[in-house]
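# Predicted model and sequence follow; I will ask about them next.
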Amino acid sequence: MAEEDDSSTAVVISWSAIWVTLLVSIAQSIIFYLFFAYQRSKERDNGSYSLYEPRHHNRSHRSPPPFANSWWSDTWNVSQEELLRCVGLDSYMFLRFLRLGARIASIGTFFLFILIPIYATGNATGAWTLQFNRLTLARVEQGSPRLWATTFCWWFFIAFVLYEFWTEWKLFYKNRQDFVAKGDPDTPVDFCYAIRVEQLPPELRTRLALFAYFERIFPTKVRQATVYLETGLLQKLCNERQRAIECVEKAVAFTRVYPYKPTPRATIGGLCFRGGEEVDVIEHYSREIERLNEEVDVMRASILLESSSRHEEEIPEASAGEGNESTWEENHITPVSTPVSSTGVVTFSSLRAKQSAIQCEMSGIADNITVFSAADPKGILWKNMTVSLTRQKVLGAQVACLWIAGILFWTIPISFVTSLANLNSILAAIGVDAVDSDAAWYGLVAGLLPVIFLAVFMVVLYMAIKAAGTHWIRFKSLAEVDAYALYWHQFFQFANLWLILFSGSLFNQLDSLLKDPTEIIKIIAKALPGASVFFANMIAVGGLGSFGLELSMLPYYGITLLKNLLKPEALQTQRMLDDAKTPPVILWSEIIPPHVFVFLVMMMYMPIVPLMELFALVYFGGTYIVWKHQCLHVYSQPFEGGGHSTWESLFGFLMASIYMSEGVFIAYMGIKEAPGQAACGFVPLVASIMVHVAINKNIRRPLQNLSLQVATDIDLADCGLENTGDNAVEDQIYAQPVLRARLEERRPLPYRHQDEAEAYEEISDANEEI
């Protein structure tokens, strides 16, 4: 890709790495697209929805008609209003961001046709002005009047970006207000009226005490309250029962397919695969299910009895388990001492009461009764609900220090990646003669390998960040884990850009930097055009190379094909078949940061390498169409965050991209000995700060909570929730699922659903005869 001259900072950029990467990416995407077209036509003829229309299984009421004749035309014609109704606010704002990137890139592409002729006819000479760099700002000589054209284009470009930001925020304001007030159509209505209470003092750690505390503050407005208990032993029993249920289901499937073979047998007991008793799987695990059902019922009843006995609260008999009609006293159930957490949830019958609780200081004591909006029940990590907020803060600070320190070690894989992009430097280091950098194979190695290796490194890093949030810090909802992973994943994406720019140049000139720190400006000025091809290859592979791959759903197809090869459909249980119909989920913290990285590259390189805008236009335009189709037909989010991750958190990174780009512009103009243009670069910087402050003050701050006036209007219009006064665990959607007997599975599923229907018909016929 690049060859360094004697100064070690001047680089000659070859076109081969770009052309080869583009051709390979286009060829790859075409192959995947042909697979998509063929397989989609095949599934349409067979009436199968699992791969390309899985939303039809559980979101058909919020999806366009499946298998349109022209997928892209059908996708393009879906209006913004219908898009929001179908996909929800999270996916909608993600798509709006991609659309925003395409609109900004289109303006940058317009300026490309103005700036490239100006740059190409520049008079600067040197190794860094040859080949690809003939189309960059490096070609313009020091202090040239041509730099005014760059400055004016930059002004208009930033003005358009800020206008687009303001427009998107005005739209988001309205949609976010609607979400906070009414939630998503598929979200339980209690979600809008519930709060999570942290750092409860010991005297409030029962359902009755917590209910009474908030009832005193908000008379007649408290609907339900729950405090989370340590239910690890009960959950362990439930997990063991679930494994037994699935073992029976698999054994039944085997006997249905091979009725002439002996029923499956297993060895129980023994040590190190020796000894033990051989038993019939169905008989043994059926007895185990019955035993575990009884143990679960007794332990659940004991936990609830001990929890309620603290305030002599009467416990409903139905909580003891399905089909258990006797009282706990008759079964001689004794309370079990169960640790109680400092976390609870309160549900109000009035939206105004909920908003008052969130916006007001509850106790007036530091670290005491801290209130947050409750998460969607479908996105709660129940095993983490009993972790104290103080513990989470301490562990979060520890892990944050680890990630910040990890930036120093992150230079190692980045240096490896950038060294692959400059293969001749590696050959020179080991004493091998340089090769022709214009050769196709050289372009393939220098263009694709660095991008692939960097993608692999980022996947591993993302998995580590997500695991830290889920299993170490133990956030209490998937939304919190996603926000945490998004922040640090994006942090490392930004670090990638600067480490790639400085890799090699910074360390090779460390002595001169120590003597004159201003040398870093020169390093930036010469490193930016030199790294542009690497970033262009990243955009090409991430855009052109992934359009067809995303549409084809090839990874999911491959996994399904492998499962079917290992276990034919007839041998699969009904549970396995149902799970295969579950639509895939978009992980925002994994998907968004690479797109923001491309946005940063697009912004930073607009005045320096305008050709990058064309790459960004293809990237964002194509990604918008592809992901719009996928969100409408394929992906289905299990819960809604109301655009928090996909716009509110995202916006901070977009503004950081603008500020970094404006700083680079000013520095570059300084190195070009253009003080007037550098001074003019502060104008869009000041404008960006003013717009940022205005958005925070006029839109973001009011959006933090729903105003009491709006909440009151909604209460008057909708009459709030019905206050039944029933605080039983079974009736609370925010109660721990392991304590709600109605939600549990107590027996295996039938081999197929039609078996259950046939059995029901037989029972109905028998009842009619009787």
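Cool, the structure landed.
# What are the boundaries of the strands in the chain?
2-4, 11-13, 194-198, 222-229, 265-268, 277-280, 340-348, 370-373 (DSSP state E).
# so can I have JSON lines of those strands showing distance to residue 604 and mean neighbour count?
Glycine gets a C-beta too; all of them are placed from N, C-alpha and C. Listed next are the strands of the chain as JSON lines, based on distance: least, C-beta to C-beta, whole Å; neighbours: other C-beta atoms under 10 Å:
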{"stretch": "strand 2-4", "distance to residue 604": "18", "mean neighbour count": "21"}
{"stretch": "strand 11-13", "distance to residue 604": "17", "mean neighbour count": "25"}
{"stretch": "strand 194-198", "distance to residue 604": "40", "mean neighbour count": "22"}
{"stretch": "strand 222-229", "distance to residue 604": "47", "mean neighbour count": "25"}
{"stretch": "strand 265-268", "distance to residue 604": "61", "mean neighbour count": "13"}
{"stretch": "strand 277-280", "distance to residue 604": "67", "mean neighbour count": "12"}
{"stretch": "strand 340-348", "distance to residue 604": "43", "mean neighbour count": "23"}
{"stretch": "strand 370-373", "distance to residue 604": "36", "mean neighbour count": "17"}
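# Would you mind telling me which of those is nearest residue 177?
Nearest to residue 177, of all those, is strand 370-373, at 14.0 Å by C-beta to C-beta.
# just checking, what packs against the closest one?
strand 194-198, helix 351-359 (3 or more C-beta pairs under 8 Å, 6 or more residues apart in numbering; DSSP states H and E).
# what about the longest helix in the chain?
Ordering each helix of the chain by length in residues (DSSP state H) puts helix 80-120 first.
# for it, the distance to its chain's centre please.
Relative to its chain's centre, helix 80-120 lies at 21 Å (C-alpha atoms, centre = their mean, to the nearest Å).
# Summarise which helices and strands it is packed against.
Counting contacts by 3+ C-beta pairs under 8 Å, 6+ apart, helix 80-120 packs against helix 147-182, helix 588-605, helix 611-633.
# Residue 195: which of these is closest?
Closest approach to residue 195 among those is made by helix 147-182 (12.8 Å; C-beta to C-beta).
# First-to-last residue distance for stretch 637-652?
End-to-end distance of stretch 637-652: 24 Å, with C-alpha to C-alpha, to the nearest Å as the criterion.
# buried sites along that stretch?
637, 639-651 (16 or more other C-beta atoms under 10 Å).
# nearest spatial neighbour of the one residue sitting closest to the centre of the chain, skipping sequence neighbours?
Central residue of the chain (C-alpha atoms, centre = their mean): residue 588, 1.9 Å from the mean position. Nearest non-adjacent residue to residue 588, counting by C-beta to C-beta, 6 or more residues apart in numbering: residue 645, 4.5 Å away.
# Could you do residue 341 as well?
Nearest to residue 341 is residue 386, by C-beta to C-beta, 6+ apart, at 3.7 Å.
# could you check the distance from the one you found over to residue 476?
Using C-beta to C-beta, to the nearest Å, we find residue 386 at a distance of 9 Å from residue 476.
# burial measure for the residue nearest to residue 103 when sequence neighbours are not counted, as a count.
Spatial nearest neighbour of residue 103, excluding adjacent residues (C-beta to C-beta, 6+ apart): residue 164 at 6.2 Å. Around residue 164 there are 16 other residues, counting by other C-beta atoms under 10 Å.
# My guess is residue 164 contacts residue 102. True?
No. Using C-beta atoms under 8 Å, residue 164 is not in contact with residue 102; the gap is 10.8 Å.
# separation between residue 116 and residue 605?
Residue 116 is 13 Å from residue 605, by C-beta to C-beta.
# before we move on, back to that, give me the pLDDT for the residue nearest to residue 588.
Per-residue confidence at residue 645 stands at 91 (pLDDT).
# I'd say it and residue 587 touch.
No. At 10.0 Å, residue 645 does not count as touching residue 587 under the criterion of C-beta under 8 Å.
# shared neighbours, those two?
Residues touching both residue 645 and residue 587 by C-beta atoms under 8 Å, 6 or more residues apart in numbering: residue 482.
# Quick check: closest non-adjacent residue to residue 624.
residue 98 (4.0 Å).
# With distance to residue 73 added, can I get the helices and strands packed on helix 80-120 in JSON lines?
Output for the helices and strands packed on helix 80-120, formatted as JSON lines (distance: least, C-beta to C-beta, whole Å):
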{"stretch": "helix 147-182", "distance to residue 73": "25"}
{"stretch": "helix 588-605", "distance to residue 73": "24"}
{"stretch": "helix 611-633", "distance to residue 73": "10"}
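# picking that back up, which neighbours do residue 386 and residue 476 have in common?
The contact lists of residue 386 and residue 476 share residue 343, where a contact means C-beta under 8 Å, 6+ apart.
# out of those two, which sits in the more crowded spot?
Ranked by neighbour count (other C-beta under 10 Å), residue 386 and residue 476 place residue 476 first, with 25 against 20.
# do you know how far that one is from residue 80?
33 Å.
# how about TSV for the strands of the chain, with mean pLDDT and distance to residue 488 added?
Converted to TSV, the strands of the chain look like this (pLDDT from 0 to 100; distance: least, C-beta to C-beta, whole Å):
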stretch	mean pLDDT	distance to residue 488
strand 2-4	38	31
strand 11-13	51	32
strand 194-198	95	23
strand 222-229	92	27
strand 265-268	84	44
strand 277-280	85	49
strand 340-348	93	24
strand 370-373	93	21
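# I'd like these laid out as CSV, including distance to residue 547.
Converted to CSV, the strands of the chain look like this (distance: least, C-beta to C-beta, whole Å):
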stretch, distance to residue 547
strand 2-4, 28
strand 11-13, 26
strand 194-198, 41
strand 222-229, 45
strand 265-268, 48
strand 277-280, 53
strand 340-348, 43
strand 370-373, 37
